[in-house]
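Enquirer: return atomic coordinates for the entry below.
(one chain, ligands or ions: 2)
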Amino acid sequence: MRHIREVLRLHHSVGMSQRAVVRRRRPEWAQRSNKSGSGKPARAKEPTCSGLPAGKTLHSFDFEAVPMVSKAQVSALAAGDGWLGKGANLLLFGPPGGGKSHLAAALGLALIENGWRVFFTRTTDLVQKLQVARRELNLEAAINRLDRFNLVILDDLAYVSKDQAETSVLFELISARYERRSMLITANQPFGEWNRVFPDPAMTLAAIDRLVHHATIIEMNVESYRRRTAIERKRGPGRPPEHATSKTRAD
Ligand code: ADP
Ligand code: MG
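Expert: Ligands and ions are numbered 1, 2, ... in the order given. Next up, the predicted model:
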C-alpha cells in the first residue's frame, strides 16, 4: 500500500491531445443546435469527431441477442442522471464479440445527445498518452483535463500490455475520478486478468475496489455476435439479406 501512496505522489502535469468530444450540458447545446439554420456548420455533427466508433447506436443494438441486458436498464443509463451525477461507474464484461464496445459506444452517443460530456478511447491509447504526459511531468494536468468529461469510456481494459502496466497511470486516473467522475469500462475478463494491467496485486485490488464501490456491472456472456451472424449468413437463402449485412457492416 505504501507503494500506491508513493505512486499517487507522482502526480505531475500537462497536456494531452485527445480524441474527444466536448459538449456543454443540454440547455446551451440544445439552443445552438436548434439554430443550425444560421449558415454555420451544424454543431449537431460534432459527435462524429468524438472518437466514438461510427454506426454503433442503441437503435442498431439488438437487445434480443443479449438477454441479460434489458432495454429499460440501458435507457435509464442513457439518461445519465442516476449515475453520472454521482460519479458512479459501469463495467461491461464478456467474451469478444458479445457487443461490449457497441453498447459502450451507443451509450456514449446517447449520453452526448442528452447533454453529457463523454470521452471514448481504447484503454491502450489513453494509457500511452498518459505515460507520455507522465514522462513529461505532466500527468496530473492530463488527468485533470479529463475531469471535464462526465464520463470516460475505457474500451478493452484488459488489453493493456505488460510494459504499459509497469507504470501506474491507469490507477492514478481511477483514483482521481473515484466518487467524482464516472467511468465506463469494457473488458473480456471480469477482474481475473487484471493483475496484468496494474503494476502489482495490491494496486490491482485497490483499483478494483474503487471501481466497483459504486458500479453497475453487466456480464454479457453471450456468443460472439459476429460469429452468430456469419453462421446465419451461411445458412443462406430464406434469410432477408439486409438482416445478414446490417449488423456486421461497421466491423
Ligand atoms: P466486443 O466489444 O464485446 O468484443 P463488439 O461490440 O465489438 O464486441 O461487437 C462485435 C460486432 O458485432 C460489432 O460490429 C457490433 O456492432 C456487433 N454486435 C455485437 N453485439 C451486437 C448486438 N447485440 N446488436 C447489434 N450488433 C452487435
Ligand atoms: Mg470490444
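
Enquirer: enumerate every residue touching Val169.
Expert: Residues in contact with Val169, defined by Cβ atoms under 8 Å, 6 or more residues apart in numbering, are Val127, Leu130, Gln131, Ala133, Arg134, Leu139. Heads up, the C-betas are built off the backbone N, CA and C, glycines and all.

Enquirer: let's see 6 Å
Expert: With Cβ atoms under 6 Å, 6 or more residues apart in numbering as the criterion, the residues that contact Val169 are Val127, Leu130, Gln131, Arg134.

Enquirer: nearest spatial neighbour of it, skipping sequence neighbours?
Expert: With Cβ to Cβ, 6 or more residues apart in numbering as the measure, Leu130 is the residue that lies nearest to Val169, at 3.8 Å, once sequence neighbours are left out.

Enquirer: secondary structure class for the one you found?
Expert: helix (DSSP: H, G, I helix; E, B strand; the rest coil).

Enquirer: and the one 3 residues further on, by the same measure?
Expert: Ala133 carries the three-state label helix when classified by three-state DSSP.

Enquirer: what does Lys86 give?
Expert: Using three-state DSSP, the structure places Lys86 in coil.

Enquirer: and Thr121, by the same measure?
Expert: Three-state call for Thr121 (three-state DSSP): strand.

Enquirer: which residues of this protein lie near ligand 1?
Expert: Of all the residues in the chain, those in contact range of ligand 1 (Cβ under 6 Å from any ligand atom) are 56, 60-62, 65-66, 94, 96-102, 186, 225-226, 247-248, 250-251.

Enquirer: which ChimeraX command selects the buried ones in the residues you listed?
Expert: The following ChimeraX line selects those of the residues of the chain next to ligand 1 that are buried, judged by 16 or more other Cβ atoms under 10 Å:
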select :56,61,65,66,94,97,98,99,100,101,102,186,225,247
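
Enquirer: show me which positions of stretch 101-112 end up buried.
Expert: Buried residues in stretch 101-112, counted by 16+ other Cβ under 10 Å: Ser101, His102, Leu103, Ala104, Ala105, Ala106, Leu107, Gly108, Leu109, Ala110, Leu111, Ile112.

Enquirer: dump stretch 105-117 to PDB, restricted to CA.
Expert: Output for stretch 105-117, consisting of C-alpha atoms alone and laid out as PDB, is shown next (Å, rounded to 0.1, in the frame of the first residue of the first chain):
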ATOM      1  CA  ALA A 105     -20.200   3.500 -27.800                       C
ATOM      2  CA  ALA A 106     -24.000   3.600 -28.200                       C
ATOM      3  CA  LEU A 107     -24.500   4.600 -24.600                       C
ATOM      4  CA  GLY A 108     -21.800   7.200 -25.000                       C
ATOM      5  CA  LEU A 109     -23.600   8.700 -28.000                       C
ATOM      6  CA  ALA A 110     -26.900   8.600 -26.300                       C
ATOM      7  CA  LEU A 111     -25.400  10.400 -23.300                       C
ATOM      8  CA  ILE A 112     -23.900  13.100 -25.500                       C
ATOM      9  CA  GLU A 113     -27.200  13.500 -27.100                       C
ATOM     10  CA  ASN A 114     -28.600  14.100 -23.600                       C
ATOM     11  CA  GLY A 115     -26.100  16.800 -23.000                       C
ATOM     12  CA  TRP A 116     -23.400  14.900 -21.100                       C
ATOM     13  CA  ARG A 117     -19.700  15.200 -21.900                       C
END
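
Enquirer: I'd like the mean pLDDT over it, please.
Expert: Here the mean pLDDT over stretch 105-117 is 96, rounded to a whole number.
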